[in-house]
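Trainee: Have a look at this fold, sequence not included:
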Ligand SMILES: NC(=O)c1ccc[n+]([C@@H]2O[C@H](COP(=O)([O-])OP(=O)(O)OC[C@H]3O[C@@H](n4cnc5c(N)ncnc54)[C@H](O)[C@@H]3O)[C@@H](O)[C@H]2O)c1
């Protein structure tokens, strides 16, 4: 069985490492974070993901998965490090370049190098260039991009079942990498070139962003026209070829709110719809803040006191604890900073270092005004008959 070295043991790298080790590959997992490495070597995990603990425990106990802070020689290298952006939405591939440099002393002729990180178009070529600059003869390597498209919460299943796109810098690299993924993926593994594979992942996330922006723009227009947007979308979707997504308080997370900028940065003025979608989704978040402030003023005028406002949900989407790039968190912090009296409710987390998390049952007793920001399942059963509320996620109206 081939030996695999995986660089980056986060939400993507660790599940992949554990899965491959359980398939019988010898896996050397690498992370620059010492405590992540120590946790994994004890058979434990540092991230929340269903079933991952069982996979990691069995992989480590069997000796097939070992974590380390340094790479080692292997037949296949997989890079799964972060690809955020710098200020000004400029793609940051520094982690990819640094991971590539770290493996260059260990790659040998005939090895495969696979970039799994979501990457701007041309990054796989930069991996090749970086290896060359570091003294590696890349003509003897097989270098490819295989973007990851798993859904957090279902990673262990989707790693196996999802279709995968593989694009190599050469035809041979594509073929060899496809054969490798076929050893553990039950979905289809589809061959293309590296640049198309990179663009494919960015396109998938931009598609979601553009379609959410359409729903968010409708929600703002419907508010202006005094129409219930949730009913409107439900009705429009009865058309056999219409499928409008749901509006929200904005778009968050580390993928959909980030990756479209990689296209906009490279595409400039030609990326009109993708840029506008980003702007509409960001504007929706600011619009929500203004709506809440106006509602609070109305309440104060009517009742002669400032309202206690419950911000219902902080995560970037329903039923998860992930606060990364979360519009709901941004809105809550902004309202607090502007002096409003806020109870922050997030049923999926117990504590937060910047403010107190209030249980939703307690918020129901204490708040005057409820602002529903995330459609968590706990909120669906709340009886809102006599409550003042603003529902920006439709949780009170329709099943998601
Ligand atoms: N998390 C998801 O749901 C998801 C889904 C699809 C694609 N992706 C993409 O996959 C990539 C990885 O995302 P993630 O969520 O796993 O990130 P993460 O932050 O959870 O994990 C990345 C890990 O890489 C480590 N690291 C950084 N630089 C390193 C280096 N030079 N050498 C070794 N380790 C290094 C970090 O310490 C961290 O543990 C990103 O490009 C992301 O956009 C993520």
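Mentor: Yep, that arrived. Not measured: the values here are computed from a predicted model.
Trainee: Now the residue of the stretch 151-300 of the chain at minimum distance from the ligand. Its backbone dihedrals?
Mentor: Per CB to the nearest ligand atom, residue 152 is where the stretch 151-300 of the chain lies closest to the ligand, at 4.7 Å. (Each C-beta comes from the backbone N, C-alpha and C, glycine too.) When read as degrees, to the nearest 10, the backbone of residue 152 gives phi -50, psi 140.
Trainee: Can you tell me the SS state at residue 165?
Mentor: Taken by DSSP: H, G, I helix; E, B strand; the rest coil, the conformation at residue 165 corresponds to strand.
Trainee: OK, contacts around it?
Mentor: Residues in contact with residue 165, defined by CB atoms under 8 Å, 6 or more residues apart in numbering, are 146-147, 190, 192, 196-197, 200-201.
Trainee: can you rerun that using 7 Å?
Mentor: 146-147, 190, 192, 197, 200 (CB atoms under 7 Å, 6 or more residues apart in numbering).
Trainee: Which strand residues bridge it?
Mentor: residue 190 (DSSP bridges).
Trainee: Can we start the residue count at 42 from this point?
Mentor: Understood, numbering begins at 42; the last thing we discussed is residue 206.
Trainee: and this structure, which of its residues are near the ligand?
Mentor: 48-54, 71-74, 77, 121-124, 136, 139-140, 143, 158-159, 189-191, 193, 296 (CB under 6 Å from any ligand atom).
Trainee: Let me see the confidence value for the residue of the stretch 192-341 of the chain closest to the ligand.
Mentor: Looking at residue 193, its pLDDT stands at 85.
Trainee: Who wins on neighbours among the contacts of residue 206?
Mentor: Comparing the contacts of residue 206 by number of neighbours (other CB atoms under 10 Å), residue 238 comes first, having 26 neighbours.
Trainee: Tell me who's in contact with that residue.
Mentor: Contacts of residue 238 (CB under 7 Å, 6+ apart): 186-188, 206-208.
Trainee: which SSE is it in?
Mentor: If you go by DSSP states H and E, residue 238 is part of helix 235-266.
Trainee: what's the offset of that helix from the middle of its chain?
Mentor: 15 Å (CA atoms, centre = their mean, to the nearest Å).
Trainee: If you count neighbours, what's buried in the next helix-or-strand element following it?
Mentor: Using DSSP H and E, the next helix or strand after helix 235-266 towards the C-terminus is helix 270-277. Within helix 270-277, the residues that count as buried by 16 or more other CB atoms under 10 Å are 270-271, 273-274.
Trainee: try stretch 362-382
Mentor: 363-364, 366-377, 381.
Trainee: next one: stretch 325-335
Mentor: 325-326, 328-330, 332-333.
Trainee: So which of the residues you listed sit within helices?
Mentor: 325-326, 328-330, 332-333 (DSSP state H).
Trainee: From one end of stretch 297-317 to the other, what's the distance?
Mentor: 14 Å (CA to CA, to the nearest Å).
Trainee: Report the rounded mean pLDDT for that stretch.
Mentor: Mean predicted lDDT for stretch 297-317 stands at 97.
Trainee: What of stretch 100-109?
Mentor: Mean predicted confidence for stretch 100-109 is 98.
Trainee: follow-up on the earlier one: columns pLDDT on top of the contacts of residue 206, output as CSV?
Mentor: As requested, the contacts of residue 206 are exported to CSV (pLDDT from 0 to 100):
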residue, pLDDT
187, 98
188, 98
231, 98
233, 98
238, 98
241, 98
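Trainee: Thanks a lot, see you next time.
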